[in-house]
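Chemist: Quick one, what's the 3D model for this:
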Amino acid sequence: MRRAIGTHIDADACIGCGECVIVCPSDAIAMKDGVAVVVGAESLECDHCAAVCPEGAVTVDSVDESVTRLETVHDADGYVAPGEADTAALVRIMRSRRSCRNYLDRPVPRAVLEDLVKIGITAPSGTNSQLWTFTIVPDRRSVSRLAERVGAFYRRLNRLAENGMARAVSKVLFKDALGAYYRDYYETVREGLEEAARGGRERLFHGAPAAILVGSSPGASCPQEDALLATQNILLGAHAMGLGTCLIGFAVEAIRRDPRIGRAIGLDRGERIYAVIAVGYPDERYVRPCRRRRIAPRVFQVAD
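Modeler: Numbering: from 1, shown residues only. A predicted model of the protein is given here:
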């Protein structure tokens, strides 16, 4: 997604190193008479040029460093170059994060949830579109209301799935989507809905006191990827902040299929949710990191 250029170069401060020219993906900057000048009419506004300039001679109108400055975490300035980070510590966080399905009855401060969003938007996005959207559900009462709306969708879906004729039609016209749901999820969903109706354990959000919905506005070149990259940042950031998280796929599907839920939570026209994250202080304590099934990466290599 290219935009009208808002890049400016201070000719007096420029030392002519040419680094901004090298990193510009839009070829919007060139060297002229020993200094960098803006030559393009469009830009990705990725801010690479300003970030690489050793003299601070480049500015980009659209960016604001305060947007990602955290309020509840000591926010150190400075750039960490490739190879300078503690890789082992980073990987330990990745291995230690687990989906949390038991939460303490303790609210998550709004400022913490807002900081998680700021952590989310440090992720890359296709063509630097930055068209993510974030909806904060800040308290247990609001999470419960969202859960009720999602539950209502699945009650209707279960009633439809119970109908053998409807499943037969789905098999012919919709690649057996309803039948697959009936075989794979119907019973589990039924049990969860019944338990919730009895006032038992709430299985959808697992009693989490807050949630964050991650989506995208229309116009992004790869909206789902953008949203999920931001989501992973949020999951890892939450773990480092002492929070537990869990992705709620059933809620994503309900919001996608039932526009009434989107209207209730204030989604804009064309906005789509790709991840729903339950957030809270965990009532679980693990003593070892996660393990995974073996994988066999495919290798593509051109022969000499």
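Chemist: Now do the strands in the chain.
Modeler: Shown for the chain, the strands assigned by DSSP state E span residues 3-4, 7-9, 29-32, 35-38, 42-43, 58-60, 132-137, 210-216, 244-247, 272-280.
Chemist: Any chance of a markdown table for those strands, columns mean neighbour count?
Modeler: (C-beta placed from N, C-alpha, C; glycine too.) Below are the strands of the chain laid out as a markdown table (neighbours: other CB atoms under 10 Å):
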| stretch | mean neighbour count |
| --- | --- |
| strand 3-4 | 12 |
| strand 7-9 | 18 |
| strand 29-32 | 16 |
| strand 35-38 | 18 |
| strand 42-43 | 18 |
| strand 58-60 | 19 |
| strand 132-137 | 20 |
| strand 210-216 | 25 |
| strand 244-247 | 22 |
| strand 272-280 | 24 |
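Chemist: Adding distance to A89, write the ones you listed out as CSV.
Modeler: Listed next are the strands of the chain as CSV, based on distance: least, CB to CB, whole Å:
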stretch, distance to A89
strand 3-4, 37
strand 7-9, 36
strand 29-32, 36
strand 35-38, 37
strand 42-43, 35
strand 58-60, 32
strand 132-137, 27
strand 210-216, 25
strand 244-247, 19
strand 272-280, 23
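Chemist: Would you tell me which of those gets closest to R291?
Modeler: strand 244-247 (18.6 Å; CB to CB).
Chemist: rewinding a little: closest to R159 out of the strands of the chain?
Modeler: Using CB to CB, the strands of the chain put strand 272-280 closest to R159, at 23.3 Å.
Chemist: Of all the strands of the chain, which one comes closest to V73?
Modeler: strand 272-280 (15.2 Å).
Chemist: Pick out the residue nearest the middle of this structure.
Modeler: The centre of the chain sits closest to T231, judged by CA atoms, centre = their mean, with a distance of 2.5 Å.
Chemist: list the contacts for that one?
Modeler: Neighbour list for T231: 120, 214, 247, 274-275, 277 [criterion: CB atoms under 8 Å, 6 or more residues apart in numbering].
Chemist: pLDDT wise, what is it at?
Modeler: According to the prediction, T231 has pLDDT 98.
Chemist: Just flag the most distant two among the contacts of T231.
Modeler: Most distant of those, by CB to CB, are G120 and L247, 13.6 Å apart.
Chemist: Report the separation between E84 and V91.
Modeler: E84 is 15 Å from V91, where distance means CB to CB, to the nearest Å.
Chemist: Neighbours of the residue nearest to L44 when sequence neighbours are not counted, how many?
Modeler: In space, L44 comes closest to N128 once its chain neighbours are excluded; the distance is 4.4 Å by CB to CB, 6 or more residues apart in numbering. N128: 21 surrounding residues under other CB atoms under 10 Å.
Chemist: again, but for R156
Modeler: Neighbour tally, R156, other CB under 10 Å: 13.
Chemist: and E162, what does it touch?
Modeler: 182, 186.
Chemist: I figured E114 was touching T68, is that so?
Modeler: No. Assessed by CB atoms under 8 Å, E114 is found out of contact with T68, at 11.3 Å.
Chemist: re earlier: so which of E84 and V91 has more stuff around it?
Modeler: V91 (11 against 8).
Chemist: Look at K171 and report its pLDDT.
Modeler: K171 is given a pLDDT of 94.
Chemist: Relative to T188, how far out is P289?
Modeler: Distance of P289 to T188, given as CB to CB: 28 Å.
Chemist: Likewise for V35?
Modeler: As judged by CB to CB, V35 and T188 stand 65 Å apart.
Chemist: and what of C53?
Modeler: As judged by CB to CB, C53 and T188 stand 55 Å apart.
Chemist: Which one's more surrounded, these two?
Modeler: Neighbour count, other CB under 10 Å: between C53 and T188, C53 has more, with 21 against 11.
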